[in-house]
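In: structure of the sequence below:
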Amino acid sequence: MRPDRIEKQATVLLDVIDCRRDPTLKDTYLSGTTVDISETGMKLLANLQIPVATRLGLRLDFHTHLYRLEGEVRWAKGEEHCMGLQLDPKSLDYSDWIRMFELDL
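Out: Numbers count the residues shown, from 1 in each chain. Model prediction:
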C-alpha cells in the first residue's frame, strides 16, 4: 500500500552524494521544490535532471524544524525535472520526519 501523500510546496537544498550514471554530478549542489511528501519519500522539481539511482542529501527547512535526510531518485521525467525520491530510514532526521505523519489516535 502506498503511504498517504501530503501536497506541500517547500524549498529543498540537494547535494549529489553519488551518481553512477554521471560521476561528474558528485558534490553538485542545487535547489528544488517539493510537490508532495510522504513518510517514505517525496516528489520534487529541481533545476537539473538527476538520473535514477542517484543518492542525494536533502535539507528541508520547514517552519518548525530543519530536516537533514538522504534519499535515492527512484524515477525522473519531464522538462520540469520532476523526480520521485525514496528516503533512507538511516537518515539523521528520519525519526523526526516520520513523526509528522503520525496520527493521534
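
In: CA only for contacts and neighbour counts going forward, please
Out: Fine.

In: what pairs with the strand ranked longest in the chain, parallel or antiparallel?
Out: Among the elements of type strand in the chain, defined by DSSP state E, the one spanning the most residues is strand 65-77. The pairing partners recorded for strand 65-77 under DSSP bridges are strand 55-62 (antiparallel), strand 82-87 (antiparallel).

In: those strands into CSV, with extra columns for mean neighbour count, distance to Cys19 and mean pLDDT?
Out: Conversion of those to CSV gives the following (neighbours: other C-alpha atoms under 10 Å; distance: least, C-alpha to C-alpha, whole Å; pLDDT from 0 to 100):
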stretch, mean neighbour count, distance to Cys19, mean pLDDT
strand 55-62, 19, 6, 95
strand 82-87, 22, 14, 97
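
In: JSON lines for those, including distance to Val12?
Out: Below are the strands paired with strand 65-77 laid out as JSON lines (distance: least, C-alpha to C-alpha, whole Å):
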{"stretch": "strand 55-62", "distance to Val12": "5"}
{"stretch": "strand 82-87", "distance to Val12": "12"}
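
In: closest to Asp96 out of those?
Out: Distance to Asp96, taken as C-alpha to C-alpha, is lowest for strand 55-62 among these, at 12.0 Å.

In: who touches the closest one?
Out: For strand 55-62, the surrounding residues in contact (C-alpha atoms under 8 Å, 6 or more residues apart in numbering) are 10-19, 66-73.

In: cool, and stretch 21-32?
Out: Under the criterion C-alpha under 8 Å, 6+ apart, external residues in contact with stretch 21-32 comprise 11-19, 44-48, 51, 54.

In: closest to Gly78 out of those residues?
Out: Distance to Gly78 across the contacts of stretch 21-32 (C-alpha to C-alpha) is lowest for Leu45, with 9.7 Å.
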